[in-house]
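1. I'll drop the sequence and a predicted model, then ask my questions.
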Amino acid sequence: MKNLVVLSGAGMSAESGISTFRDSNGLWENYNVEDVASIEGWYRNKNLMLDFYNARRRELEKAQPNEGHIYVARLQERYNVTVVTQNIDNLHERAGSKKVIHLHGELTKARGENQGYYLAHDIGYKDIKIGDKTSGGDQLRPHIVWFGEAVPELTRAASEIEKADLMIIIGTSLVVYPAAGLVNYTKPDCKIYLVDPKPVSTSAHVEQIMKKASEGMKDLWEILKG
Ligand code: APR
């Protein structure tokens, strides 16, 4: 089977009712990113950040994978698929994708604020509050990669992309690095499709399907079947 990598962003989950960041009325229009998604913000106001992610975790519990997630999972019938996602939701996994690399962390996990990245544990959709601690007495924090923090899964994602025969980019504005730079790790003969209803500028040579994730993945499923 050929290797296929899917690189997804917030637009992948838009049809599941989860806000993107930079569309009109996106998250960053309603919140100051430094206050709710940066390591400085954490040390400035932990309650505000815990509330922000508690609200997104409760929203996720009610959300369902959309057709786009389901088509991505179905690609496993024909390809050796790795999903590299910037999303912190679990919708790819709930749609059946088996191999998912989360570049920016996972909403349903937590870790001690002084613990290593790979010591995170599952919390499902439970809130995290000030005073919730690890057995070692460490305040719990969301297992999210905030602005100002390293992206521990970057190397693993890059090595999957270097092996890809086919890449599908879905629902990302490709403006946040280092994630956006991953498109440059593809082999010269790797075919790259991009599914997004709006034009997306990228240095990579891509074939864009100017549709939403569900519609675009349905079309791409037929193209790849041929
Ligand atoms: N289907 C497909 N694409 C869509 C849809 C949809 N239904 N709706 C919107 N989009 C596209 C938008 O056109 C845009 O190109 O999804 C993209 C969303 O871009 P952003 O909001 O910038 O989200 P993303 O690229 O994932 O942001 C990257 O920024 O703030 C950080 O950590 C955060 O992981 C996030 C990163």
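-> Yes, it's here. Residues are numbered from 1 along each chain as shown.
2. Residue 126 versus the closest residue to residue 10 other than its chain neighbours, what's the distance?
-> In space, and not counting its chain neighbours, residue 10 is closest to residue 20: 3.8 Å by CB to CB, 6 or more residues apart in numbering. C-beta coordinates here come from the backbone N, C-alpha and C atoms, glycine included. The gap separating residue 20 from residue 126 is 25 Å, by CB to CB, to the nearest Å.
3. of these two, who's got more company?
-> residue 20 (20 against 14; other CB atoms under 10 Å).
4. May I ask which helix or strand encompasses the most centrally placed residue in the chain?
-> Residue closest to the mean C-alpha point of the chain, counted by CA atoms, centre = their mean, is residue 87 at 1.9 Å. If you go by DSSP states H and E, residue 87 is not part of any helix or strand.
5. centre of the chain versus the strand or helix carrying residue 92, how much separation?
-> Per DSSP H and E: residue 92 is located in helix 91-95. For helix 91-95, the separation from the chain centroid amounts to 11 Å (computed by CA atoms, centre = their mean, to the nearest Å).
6. Could you name the helices and strands sitting against it?
-> helix 67-74 (3 or more CB pairs under 8 Å, 6 or more residues apart in numbering; DSSP states H and E).
7. So is the helix it packs on next to the ligand?
-> No - Helix 67-74 lies out of reach of the ligand by CB under 6 Å from any ligand atom, never closer than 6.7 Å.
8. just checking, what packs against that helix?
-> Applying 3+ CB pairs under 8 Å, 6+ apart, we find helix 67-74 packed against helix 91-95, strand 166-170, helix 213-225.
9. okay, the first one in CSV with CA atoms only?
-> Presented in CSV, the C-alpha positions along helix 91-95 are these (Å, rounded to 0.1, in the frame of the first residue of the first chain):
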residue,chain,number,x,y,z
LEU,A,91,-12.8,13.7,15.9
HIS,A,92,-10.3,11.9,13.6
GLU,A,93,-10.0,9.1,16.1
ARG,A,94,-13.8,8.9,16.7
ALA,A,95,-14.3,8.6,12.9
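10. before we move on, the earlier item: residues in contact with the residue nearest to residue 10?
-> 9-11, 14, 26-27, 171 (CB atoms under 8 Å, 6 or more residues apart in numbering).
11. what do you get if the cut-off is 10 Å, keeping everything else the same?
-> Residues near residue 20 by CB atoms under 10 Å, 6 or more residues apart in numbering: 9-14, 26-28, 87, 171-173.
12. Ramachandran angles for residue 35?
-> Dihedral pair for residue 35: phi -80, psi -30, per degrees, to the nearest 10.
13. what about the helices in the chain?
-> 27-30, 33-36, 39-44, 46-62, 67-74, 91-95, 154-162, 213-225 (DSSP state H).
14. Kindly report which one of those carries the lowest mean pLDDT.
-> Mean pLDDT per stretch puts helix 27-30 lowest among the helices of the chain, at a mean of 89.
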